[in-house]
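Student: Provide a 3D model corresponding to the input given below.
(2 chains)
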Amino acid sequence: GAVVSQHPSWVICKSGTSVKIECRSLDFQATTMFWYRQFPKQSLMLMATSNEGSKATYEQGVEKDKFLINHASLTLSTLTVTSAHPEDSSFYICSASGGRYTGELFFGEGSRLTVL
Amino acid sequence: QKEVEQDPGPLSVPEGAIVSLNCTYSNSAFQYFMWYRQYSRKGPELLMYTYSSGNKEDGRFTAQVDKSSKYISLFIRDSQPSDSATYLCAIGGNNRLAFGKGNQVVVIP
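Tutor: Numbering: from 1, shown residues only, chains lettered A, B, ... in the order given. Presented below is the predicted three-dimensional model:
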C-alpha cells in the first residue's frame, strides 16, 4: 500500500522555539495532505487541509500564524509550530489522500512533540 | 451534538472472544464509512471501508452500516492479542472526514 513518511517521530524543544515536522508521500503524488493533532485518549482533530501550491485551509480555532503549513510539492508538506509552548505538546499526524477509495487516507507514523 | 459519537471506554476481552465496536453519527450526508486501527504511538491504518448499508467482511473483521439509524459497527471474530489497539471510526462525505474518539481494545491471552 501507499506509504506516508513523517519526520521526526520524536522531538523535544524548549518553550519559545519553532519546530518543523515533515510529511512525505513516498510512492504516490498527494495533491491534498491533512494535519491532525491527537491528545492522549482522544481522537484525531483535524487542524488543516493542505493543497499543493496553495494556502492551507485551517479548521476553526486553529491559529494559522502559529501552525504554519507549507505544501510546496506533490510529495511534501511541512508543519511548523512557531514559538512553541508546553500546551502545544501533542501527537501530530499527517495523512495524504491517494487511495483506491474516495476519502481513503494514508497516515504518517506521527510526531510526538514535547515542549519543555 | 458531535458529528460522530464513539464510546471511548476501554474494552478488555479474552482471546478468542468477539469484539463489538460501534459509532453513531448525526449527518445523513455522510457517504462513506471507515474503521481505522491505531497501535500505540503509531499513525492509524485503514482496516475497513464501506459506502453502503449492510455488512462487509474481510477475514475476521466485519463492518456493518445502518444508514437509517446512522449507526456503524465493527466486529472482530476470534480476537487475538495482536488485535489489541485503538479502533477509530471515521465517516466522510462532501470533502469532510470526521473521526470518533476511538475505542481502546485489549485482548487478554
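
Student: For A:S97, give its distance to A:S77.
Tutor: Using CB to CB, to the nearest Å, A:S97 is found at 12 Å from A:S77. Every residue, glycine included, has its C-beta placed from N, CA and C.

Student: so who does the closest residue to chain A within chain B touch?
Tutor: As assessed by CB to the nearest CB, chain A sits closest to B:G43 within chain B, at 3.5 Å. By CB atoms under 8 Å, 6 or more residues apart in numbering or on different chains, the contact set of B:G43 is A:4, A:6, A:93, A:95, A:107-110.

Student: Show me what the closest residue to B:P44 other than its chain neighbours bridges to in the sheet.
Tutor: Sequence neighbours aside, B:Y36 is the residue nearest to B:P44 in space, at 3.8 Å (criterion: CB to CB, 6 or more residues apart in numbering or on different chains). Counting by DSSP bridges, B:Y36 is bridged to B:L46, B:L88.

Student: which residues are in contact with both of A:S97 and A:S77?
Tutor: Jointly contacting A:S97 and A:S77 under the rule CB under 8 Å, 6+ apart are A:30, A:33.

Student: ok, these two, which is more surrounded?
Tutor: Comparing A:S97 with A:S77 by other CB atoms under 10 Å in any protein chain shown, the one with more neighbours is A:S77, at 30 against 19.

Student: That one and A:A48 touch, don't they?
Tutor: No. Assessed by CB atoms under 8 Å, A:S77 is found out of contact with A:A48, at 9.7 Å.

Student: Now list whatever residues contact both of these two.
Tutor: Common contacts of A:S77 and A:A48, defined by CB under 8 Å, 6+ apart, comprise A:35, A:69.

Student: circling back to that earlier point, can you name the residues that contact the residue nearest to B:P44?
Tutor: Contacts of B:Y36 by CB under 8 Å, 6+ apart are A:107, B:44-47, B:87-90, B:99.

Student: pLDDT at it, what is it?
Tutor: Here the pLDDT value assigned to B:Y36 is 92.

Student: what's near enough to touch the residue in chain A that chain B sits nearest to?
Tutor: At 3.5 Å from chain B, A:F107 is the closest residue in chain A, using CB to the nearest CB. Residues counted as contacts of A:F107 (CB under 8 Å, 6+ apart) are A:4, A:93-95, B:36, B:43-45.

Student: could you point out where the chain is predicted with low confidence?
Tutor: No chain was given, so I picked chain A. Applying pLDDT under 70 to chain A picks out residues A:1-2, A:98-103.

Student: That was the other one, I meant chain B.
Tutor: In chain B, residues with pLDDT under 70: B:1, B:94-96.

Student: how about the residues of it that lie near chain A?
Tutor: B:6, B:8, B:31-32, B:34, B:36, B:41-46, B:49, B:51, B:88, B:92-93, B:97, B:99-102, B:104 (CB under 8 Å from any CB of the partner chain).
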